[in-house]
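K.L.:
got a predicted structure here, sequence first:
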Amino acid sequence: MNIILKPVLLWSIVVIIMITASSAQTIRLFNGKDLQGWHIDVPEMDTSKTARNPFIIRNGLLVSLGEPNGHLITDAVYENYRLRVEYRFAGKPGNCGVLVHASTPRSLYQMFPKSIEVQMMHENAGDFWCIVEDIKVPDMEKRRGAREEWGITEGKKRRILNLTDGSEKPLGEWNTMVVECVKDSVRVWLNNDLVNDGYGSTATKGQVALQAEGAEVEFRKVELTAIRQLSAAGR
């Protein structure tokens, strides 16, 4: 595998890793033991000495406790990959998400990094949320609302509805989300159902992030594989 390493300044030095598509090696972003390769961005932890870290390892699982709100972000930047995330709401259903093409921290509401969010919220998994980046889908006005209200910052219509809300497993069971990012396209499956298919993204590479956004979520697998092209939509 050819790896190009280049330091950039983003709060601290971050390594950009561009995985060549000639290799299909899978990288375990979560190693099952600790948070090596990740860093935490939780605004409340800046000002409160008693604020807890909402991202922990428990019984071999990566757990987002949900509060305080924030993000767990990879140290490395990736492009042209398939991301596989296995997750579940073990207790009460709620909100969470995986962010791709993440870059500048706290770009929205002094909380969310610039990115494209793939929603994991219970009964809404697969929605796109535009966070100071943008993406297109077929039937945009039907799925995003009135064109004149579209936007990528506070107060704008940033949500793009998914293709189906019926793909999640029952509460407590494990879901498998696959997100493929190739050039300016982002294609998403949930439990083998195609749930979103975007193109024309304003970002083509970035960090990967997981959210703490109000609900406890367990992750047993977060892995990434280099790819040259998107899988067929009906795979």
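P.N.:
Arrived safely, thanks for sending. Since the structure is predicted, the reported quantities are computational estimates derived from the model, not experimental observations.
K.L.:
shaky segments in this protein?
P.N.:
Under the criterion pLDDT under 70, the flagged ranges of the chain are 1-23, 235.
K.L.:
contacts only, for the nearest residue to residue 42 once chain neighbours are set aside.
P.N.:
When the adjacent residues along the chain are set aside, residue 42 lies closest to residue 70, with 3.1 Å between them (C-beta to C-beta, 6 or more residues apart in numbering). No exception for glycine: its C-beta is placed from N, CA and C like everyone else's. With contact taken as C-beta atoms under 8 Å, 6 or more residues apart in numbering, residue 70 is in contact with 40, 41, 42, 43, 44, 45, 54, 55, 111, 211, 212.
K.L.:
most neighbours among those residues, please name it.
P.N.:
residue 211 (26 neighbours; other C-beta atoms under 10 Å).
K.L.:
state the distance from that residue to residue 131.
P.N.:
11 Å (C-beta to C-beta, to the nearest Å).
K.L.:
hey, what's in contact with both of the two?
P.N.:
Common contacts of residue 211 and residue 131 (C-beta under 8 Å, 6+ apart): 99, 117.
K.L.:
from the contacts of residue 70, which land in strands?
P.N.:
The members of the contacts of residue 70 that map onto strands under DSSP state E are 40, 41, 55, 211, 212.
K.L.:
what about the closest residue to the second one other than its chain neighbours, which helix or strand?
P.N.:
This means residue 41. With sequence-adjacent residues excluded and distances taken as C-beta to C-beta, 6+ apart, residue 41 is closest to residue 71, at 5.0 Å. Using DSSP states H and E, residue 71 sits in strand 70-74.
K.L.:
do residue 82 as well
P.N.:
Counting by DSSP H and E, the element that carries residue 82 is strand 81-88.
K.L.:
and the next element down the chain from that strand?
P.N.:
Trace forward from strand 81-88 with DSSP H and E and the next one is strand 97-102.
K.L.:
kindly export stretch 114-133 (C-alpha atoms) in CSV.
P.N.:
C-alpha atoms of stretch 114-133 as CSV (Å, rounded to 0.1, in the frame of the first residue of the first chain):
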residue,chain,number,x,y,z
LYS,A,114,-17.4,21.0,8.6
SER,A,115,-18.6,17.8,7.0
ILE,A,116,-21.4,15.7,5.5
GLU,A,117,-23.3,13.8,8.2
VAL,A,118,-24.9,10.4,7.6
GLN,A,119,-27.6,10.3,10.1
MET,A,120,-28.0,7.4,12.6
MET,A,121,-31.0,8.9,14.5
HIS,A,122,-33.5,6.2,15.3
GLU,A,123,-36.1,5.9,12.5
ASN,A,124,-34.2,8.5,10.4
ALA,A,125,-31.0,6.6,9.6
GLY,A,126,-29.5,7.4,6.2
ASP,A,127,-30.5,11.1,6.0
PHE,A,128,-27.8,13.5,4.9
TRP,A,129,-27.2,16.6,6.9
CYS,A,130,-25.0,19.3,5.2
ILE,A,131,-22.6,20.9,7.7
VAL,A,132,-20.9,23.8,5.9
GLU,A,133,-20.4,21.3,3.0
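K.L.:
about what we covered before: taking the ones in strands among the contacts of residue 70, tell me the two that lie furthest apart.
P.N.:
40 and 211 (11.7 Å; C-beta to C-beta).
K.L.:
ok, residue 111 to residue 199 distance?
P.N.:
Taking C-beta to C-beta, one finds residue 111 at 27 Å from residue 199.
K.L.:
what helices or strands is the host helix or strand of residue 187 leaning on?
P.N.:
For residue 187, the host element (DSSP H and E) is strand 185-190. Judged by 3 or more C-beta pairs under 8 Å, 6 or more residues apart in numbering; DSSP states H and E, strand 185-190 is in contact with strand 115-119, strand 175-182, strand 193-198.
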